[in-house]
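> The following comprises the amino acid sequence and a computationally predicted model.
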Amino acid sequence: MLRRLRNFCIPCVTTMVLVCFSDAVAQTSFTVTDLGILRDAWNMSCAMAVNNHGWALTQNGFLPSNSPSGVNPFPARDTINIGELKIDLGSLGGPNSNTWMNWGGINDRGEAVGISETLVPDPDGEDVCSLGTGLTCRPFLWQDSHMRALPTLGGNNGQASDINNRGQIAGTADTTFTESKCPNPSQHISLPVIWEHGKVRQLPMVGDDPDGFAFAINDLGQVAGYTGTCGSANAIHAVLWENNTAFLLDDFKTGAQGMGINNLGQVVGIVASPDKSTIYAALWQNRALTNLGTLPGDFAAIATGINSRGQVVGSTLDSNFNWSHAFIWQNGVMTDLNTLFPASSNLFATMANKINEHGQIVGMGTVLSGPHAGETHAFLATPVNASVGASVADVAPTRPASKLPENVGKQFLHRLGPGRFGR
């Protein structure tokens, strides 16, 4: 089915995209498609990645409002959204697949990567998929309607976080060695890797950092990520890998992470503030840091996507670690996406994850009204040549009530936040 769609639809879709979005940087507003949820009983979906045809890789699940902070949607399942079509990617035998913790990726051939539970209990009690089941969590490649596990470096777990149009996959893979100084002394050392033609290759490390994560990869094979300690949970250095060499990216000597990269080698991510009190969205050009800051009134910002036009997208958090606003940064200005979404979209955007070469953005937002009010739904935003008129920010000037638990952003800041940074 996916192959037929690709063969017959891509030429038409590509032609329309090129005609409509040839000057995406100049656009002033967006049309917004609510991608909905996979199953009626579930209450959340979040689009984690998008390819240049506007196909979104989406995480779906159910997260009760009384769920403790740091617990991910359970159950959870990845889908590819093509218009109204939702393709359930299945799992590696376990009940869940999950891109919520590591973004995941989809390329223009419709190949997708992420993480999935198996039916094998983790012998060391790790919970890499963060779903509370105690099952091992393996990186996967979904290709030709089939999900298969990718090899690790001998350990039990791994995570695949991005795939380029050459089929190269970036992520992290466990070894058989453990770190005795970590909170969980049985936690395995996890190293940054690239998978190609089904084989895994370790990337070089920085200094004495024992762990690392290759987070994003462009079509030239350049990789953005970070190295640190404790299963790559404590970020120390933002890194650009090129020609199998690791290059440090500038920071404030308090920790940083690379989380996205475009085909020009520009990297986006996060940098800890000089006093380590918060994190800011970051952009690196030729390894030099530009601090993008955060939106007024918000506590922290995370930049996760950049296209070759230099448009950056990401998300902000409030002082209570709730997802607060999705943003776009272009021409030196960070803008709340809700000011560019029409009020009719009925979604208050709290997270923007990726942006494709045509300026289409994916993320998640809170449904404002109707039978699904308060639910979190994935969206696809497409730039248009029109004034937005009344915007979502006009009708909902503050973050609306959500059915997600309070402080749900802590599950990300547990790995990304200032409390996890250090030299």
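That came in fine, so what should we check first?
> where along this structure do the helices fall?
2-20, 392-395, 410-416 (DSSP state H).
> Lowest average pLDDT across those?
With a mean of 42, helix 2-20 has the lowest mean pLDDT of the helices of the chain.
> Report the buried residues of stretch 175-182.
By neighbour count on 16 or more other C-beta atoms under 10 Å, the buried set for stretch 175-182 is 175, 178-179, 182. Using the backbone N, CA and C atoms, a C-beta is placed for each residue, glycine as well.
> right, and the pair among these with maximum separation?
Comparing every pair within the buried residues of stretch 175-182 by C-beta to C-beta identifies Thr175 and Cys182 as the most remote, at 13.7 Å.
> list residues touching both of those two?
Shared contacts of Thr175 and Cys182 (C-beta atoms under 8 Å, 6 or more residues apart in numbering): none.
> Glu196: neighbour count?
Using other C-beta atoms under 10 Å, Glu196 has 13 neighbouring residues.
> Spatially nearest residue to it, not counting backbone neighbours?
Using C-beta to C-beta, 6 or more residues apart in numbering and skipping residues adjacent in sequence, the residue nearest Glu196 is Gln168, 5.2 Å away.
> likewise Leu203?
Of all residues not flanking Leu203 in the chain, Pro192 sits nearest, at 4.3 Å (C-beta to C-beta, 6+ apart).
> bridging residues for that neighbour?
As for beta bridges, Pro192 partners with Thr172 under DSSP bridges.
> What separation do you get for it and Asp275?
Using C-beta to C-beta, to the nearest Å, Pro192 is found at 28 Å from Asp275.
> quick one, which of the two is more surrounded?
Set Pro192 next to Asp275 and count neighbours by other C-beta under 10 Å: Pro192 wins out with 27 against 9.
> coming back round to it: from what I see, the residue nearest to Glu196 and Trp195 are in contact.
Yes: counting by C-beta atoms under 8 Å, Gln168 does reach Trp195; the two are 7.4 Å apart.
> neighbour-wise, which of those two wins?
Trp195 (23 against 20).
> Now the more buried one: closest residue in space that isn't a chain neighbour?
Counting by C-beta to C-beta, 6+ apart, Trp195 lies nearest to Ile169, which is 4.1 Å off, once chain neighbours are set aside.
> what about that neighbour, neighbour count?
Counted by other C-beta under 10 Å, the residues lying close to Ile169 total 26.
> got the contact list for it?
Contacts of Ile169 by C-beta under 8 Å, 6+ apart are 105, 113, 139, 141, 150, 160, 162-163, 194-196, 217.
> Let me know the closest of those to Ile279.
Asp162 (20.8 Å).
> how near is the residue lying closest to that closest one once chain neighbours are set aside to Ile37?
Nearest residue to Asp162, sequence neighbours excluded (C-beta to C-beta, 6+ apart): Gly105, at 3.8 Å. Separation of Gly105 from Ile37 (C-beta to C-beta): 21 Å.
> With Asp174 instead?
In terms of C-beta to C-beta, Asp174 sits 32 Å off from Ile37.
> Those two: which has the busier surroundings?
Asp174 (27 against 22).
> show me where the stretch 101-250 of the chain has strands.
For the stretch 101-250 of the chain, strands defined by DSSP state E, counting those that start in this stretch occupy the ranges 105-106, 112-121, 135-143, 146-149, 158-163, 169-178, 188-196, 199-202, 211-217, 223-229, 234-242, 245-248.
> And the contacts of the first one?
The one in question is strand 105-106. 49-51, 55-57, 80, 112-114, 160-163, 169-170, 216.
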